[in-house]
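Peer 1: after the sequence you'll find the predicted model.
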Amino acid sequence: MASEATGQNADGRSQGTSERGLTKSTRMRVRARLINLIGEELISDEPVAVVELVKNAYDADATKVIVRFEGADPENPARLVVDDDGLGMDINTVLGAWLEPGTVAKRRETRSPGGRLYQGAKGIGRFAAARLGDLLLLETRRRGSEETVYVLLNWGHFDETRYLDEIDIDYEIRKAPEVSPGTRLIIEGLKKNSWNEESYERLHQRLTRLMSPFRDIKGFEIVLEIPAFPTLSGPVEPPELLLKPRYLLTGYLGADGTFDGQMVIDSKTIAVRRSLGKGEERPICGPFRIEIRAWDRDREGLEPIANRESMAISQIRKTLDAYCGVSIYRDGFRVHPYGERGNDWLNLDLRSRQNPVRNLANNQIIAAIRISRAENTGLRDRSTREGLVQNADYDALYDWFRRIITILEEQRYQVRPRQKAVTRSDQLFEQFDLRPAVREVRSILGVTHPIAKLVSNAERQVSEGVEKVQEVFSRLLMSAGVGHMVDIVIHEIGAPLGKIARQLAILERQLVKLLTPAQLSEVIPSISSIRGWIEQVHGLRERLDPQTPGRRGRVTTFDVGDEIRLTFQLYSELIKKQKIKITFSKPREAIRARMPKAVLSQVLANLVDNALYWIVQKHGAEKGGRISAALRKLDHGFAIRIADDGAGVPAKNRDTIFEPYFSTKPNGIGLGLYIGRLVIEPYGRLIYRDSGDLPGACFEARFEKGVGL
């Protein structure tokens with residue numbers, strides 16, 4: 001039989017131990033400071049703490065929860081009261097669950113008595129009160145009971161000197177028929193030094209975005225009472241501005257990767273149905289619903305809204321800044337911190353910088369993704385209650401939402417294809433700002449004067465021109481940097497390649513001397529493979545060398561058929577991996593041209609690259625496909641057709657695919673075809689054909705201006 005013994009901790013405190021022969025056992029004891037750690041370390045800030053308490057009210061089947069600040073000084077409140085009309089608790093629930101950190105009460109049942117999915121399952125949300133103040137008074141009465149339970153918690157007692165089971169907590173039970181059923185939390189000694197207007201606005205925003213815009217939550221109202229700021233008081237609702245976006249996309253991504261929904265632009269509704277998967281690809285994260293509201297933030301885009309809402313444009317932008325982003329809602333409640341200000345978790349700003357004309361930035365949209373525990377089992381909370389675990393399901397949610405947003409971006413571009421979403425201001429272009437002069441002319445002559453109208457019109461044209469120049473300038477800076485890097489790589493890679501080839505030859509001669517013929521026969525295939533790889537790298541270097549800025553304009557005479565074959569050779573590994581069949585038809589007699597070879601190779605590379613991408617999109621990775629190339633002679637040059645059996649180009653996009661920054665690729669920059677058409681202009685035309693020999697896209701590059709021999 002094991003005999004019980006009592007030991008002592010290092011600080012002299014006793015703890016239970018037992019001895020079993022030579023084996024001893026002990027028990028862990030929890031320091032009281034753990035409660036404060038839960039509140040301070042796992043709850044990131046005060047608004048998050050309030051949200052946790054509001055969610056507890058929802059779990060208690062409340063129809064209303066009131067968050068009220070009280071005290072003699074409205075701008076420096078003495079206490080915070082969270083009052084709900086939920087089920088309330090009796091003494092058994094208080095002692096057996098509410099005062100039990102990490103309680104399993106909500107794990108035994110996934111739904112409340114009223115049928116609501118529990119939002120809290122870890123049993124720590126209630127300790128968010130420790131983040132807010134020094135004292136907590138709990139006042140609760142269960143529905144159908146005449147008894148009210150009062151509990152007083154002084155968080156200052158939960159320090160590092162005592163253990164959790166040594167803290168005495170005072171409670172009282174008394175009949176109080178005047179107390180309504182439900183739970184009231186009174187938090188005294190607020191820790192935040194000063195709740196100012198910015199703090200209250202942030203709390204209002206957090207509570208506004210707590211519940212899903214999909215109207216999943218019914219019969220639950222949040223009321224905020226802030227005496228110092230009556231404009232923020234009352235039922236928590238989003239600003240009217242947010243309910244009237246210019247662009248709205250709603251819909252459902254099914255388990256098969258098909259998106260079904262509708263788009264509303266300027267009150268015009270468009271049905272949307274599109275397969276977003278590549279071949280048989282499916283969203284492993286599970287199906288989900290989305291709602292994306294978007295605005296144009298330039299002055300032209302916001303002026304109609306400002307007139308309609310009687311708001312200043314600066315105020316509209318401030319409101320959009322406060323609420324912008326993409327939030328995630330699970331079973332009706334928001335997963336923090338997605339959608340928080342500055343939390344661009346989808347990297348939309350980076351996409352917008354790559355293609356600002358087409359792609360939406362994070363501050364232009366207010367969006368929601370709806371997931372559920374039942375359908376999205378792989379999307380799990382982090383242990384810190386801040387966000388989701390970044391696993392394969394999370395990556396899939398990230399990727400598929402970005403595919404969905406391109407649907408809205410395409411339609412928005414069709415509405416305003418040559419407008420910029422964000423007005424930029426660079427010092428280099430400040431001297432072209434004519435707005436001060438326009439204001440002066442209007443003040444002297446009046447708004448309706450013909451000269452004032454003429455000047456205003458000139459200012460608008462100059463502004464539009466400057467915006468285009470700014471964008472092209474930015475792209476040129478980027479391209480110049482990339483071109484310089486290519487020059488460096490092409491130059492520097494030559495020497496190592498030569499050294500590797502020479503050392504390989506020396507190594508081979510030494511091996512011939514050292515190894516037997518049998519051993520040598522085993523080594524030679526590896527040496528041959530290495531030599532083949534070196535030749536591939538050398539060939540790629542030679543292929544890229546004419547593309548460097550220093551050689552791009554050099555006129556040479558070359559065989560056009562050889563250049564086409566070299567282009568496909570450049571993509572040989574990708575073609576082989578995808579299992580694509582290439583067909584190439586040309587006249588028996590070689591077609592030779594005199595022109596910069598880089599112009600032809602750049603056009604061909606863009607066309608082949610596009611064909612490869614859309615073949616994968618249609619058939620799926622490594623699932624085959626076909627590309628055909630046809631070369632024929634013209635009177636003063638030649639023509640090349642590149643066709644594929646990929647997804648093709650929708651008829652509505654065929655007039656815009658050559659415009660700068662237009663792309664239907666999720667991360668496309670939209671410059672390939674634009675640059676292709678630009679560089680070919682001195683020599684001919686790049687056009688889209690409907691008469692290709694394959695069912696996908698078909699482009700024809702016509703070099704017809706004096707390039708033939």
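Peer 2: Yes, it's here.

Peer 1: give me the low-pLDDT residue ranges for the stretch 351-500 of the chain?
Peer 2: 383-385, 417-436, 438, 441, 452, 459-460, 462-499 (pLDDT under 70).

Peer 1: for the residue nearest to the spatial centre of the chain, give me its contacts.
Peer 2: Central residue of the chain (Cα atoms, centre = their mean): Leu346, 1.2 Å from the mean position. By Cβ atoms under 8 Å, 6 or more residues apart in numbering, the residues touching Leu346 are 326, 362, 398, 401-402. The C-beta positions use only the backbone N, C-alpha and C, and glycine is treated the same way.

Peer 1: same deal with Ala294?
Peer 2: 245-249, 360, 364-366, 408, 412.

Peer 1: would you list those in a markdown table and tack on distance to Arg689 and secondary structure?
Peer 2: As requested, the contacts of Ala294 are exported to a markdown table (distance: Cβ to Cβ, whole Å; DSSP: H, G, I helix; E, B strand; the rest coil):
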| residue | distance to Arg689 | secondary structure |
| --- | --- | --- |
| Pro245 | 39 | coil |
| Arg246 | 36 | coil |
| Tyr247 | 33 | strand |
| Leu248 | 36 | strand |
| Leu249 | 32 | strand |
| Leu360 | 32 | coil |
| Gln364 | 36 | helix |
| Ile365 | 37 | strand |
| Ile366 | 42 | strand |
| Leu408 | 29 | helix |
| Arg412 | 28 | helix |
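
Peer 1: from these, pick the one nearest Asp73.
Peer 2: Nearest to Asp73 out of the contacts of Ala294 is Ile366 (Cβ to Cβ; 34.9 Å).

Peer 1: other SSEs contacting the host helix or strand of Arg202?
Peer 2: Counting by DSSP states H and E, the element that carries Arg202 is helix 197-208. Counting contacts by 3 or more Cβ pairs under 8 Å, 6 or more residues apart in numbering; DSSP states H and E, helix 197-208 is packed against helix 46-59, strand 221-225, helix 313-323.

Peer 1: out of those, which is closest to Gly71?
Peer 2: Nearest of the helices and strands packed on helix 197-208 to Gly71, taken as Cβ to Cβ: strand 221-225 at 12.1 Å.

Peer 1: quick check, Ile292 in contact with Leu249.
Peer 2: Yes - the criterion here is Cβ atoms under 8 Å, and Ile292 meets it with Leu249 at 4.5 Å.

Peer 1: just the helices in the stretch 201-350 of the chain please.
Peer 2: Assigned helices in the stretch 201-350 of the chain, in chain order: 299-309, 313-323, 348-354 (criterion: DSSP state H, counting those that start in this stretch).

Peer 1: ok, now the stretch 51-200 of the chain?
Peer 2: 91-93, 105-108, 129-132, 197-208.

Peer 1: again with the stretch 551-700 of the chain
Peer 2: Counting by DSSP H, counting those that start in this stretch, the helices of the stretch 551-700 of the chain are 560-570, 572-578, 597-619, 672-680.

Peer 1: please identify the most buried of these.
Peer 2: Each of those was scored by mean neighbour count; the highest is helix 597-619, a mean of 22, by mean count of other Cβ atoms under 10 Å.

Peer 1: export the helices and strands packed on helix 197-208 to a markdown table and tack on mean neighbour count?
Peer 2: Supplementary listing: the helices and strands packed on helix 197-208 in a markdown table, determined by neighbours: other Cβ atoms under 10 Å:
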| stretch | mean neighbour count |
| --- | --- |
| helix 46-59 | 23 |
| strand 221-225 | 18 |
| helix 313-323 | 16 |
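
Peer 1: what's the closest of the ones you listed to Asn196?
Peer 2: Checking the helices and strands packed on helix 197-208 against Asn196 by Cβ to Cβ gives helix 46-59 as the closest, at 12.0 Å.

Peer 1: using JSON lines, lay out the helices of the stretch 51-200 of the chain together with distance to Phe259.
Peer 2: JSON lines is the format used below for the helices of the stretch 51-200 of the chain (distance: least, Cβ to Cβ, whole Å):
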{"stretch": "helix 91-93", "distance to Phe259": "45"}
{"stretch": "helix 105-108", "distance to Phe259": "35"}
{"stretch": "helix 129-132", "distance to Phe259": "40"}
{"stretch": "helix 197-208", "distance to Phe259": "27"}
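
Peer 1: nearest to His336 among the helices of the stretch 551-700 of the chain would be which one?
Peer 2: Using Cβ to Cβ, the nearest of the helices of the stretch 551-700 of the chain to His336 is helix 597-619, at 34.7 Å.
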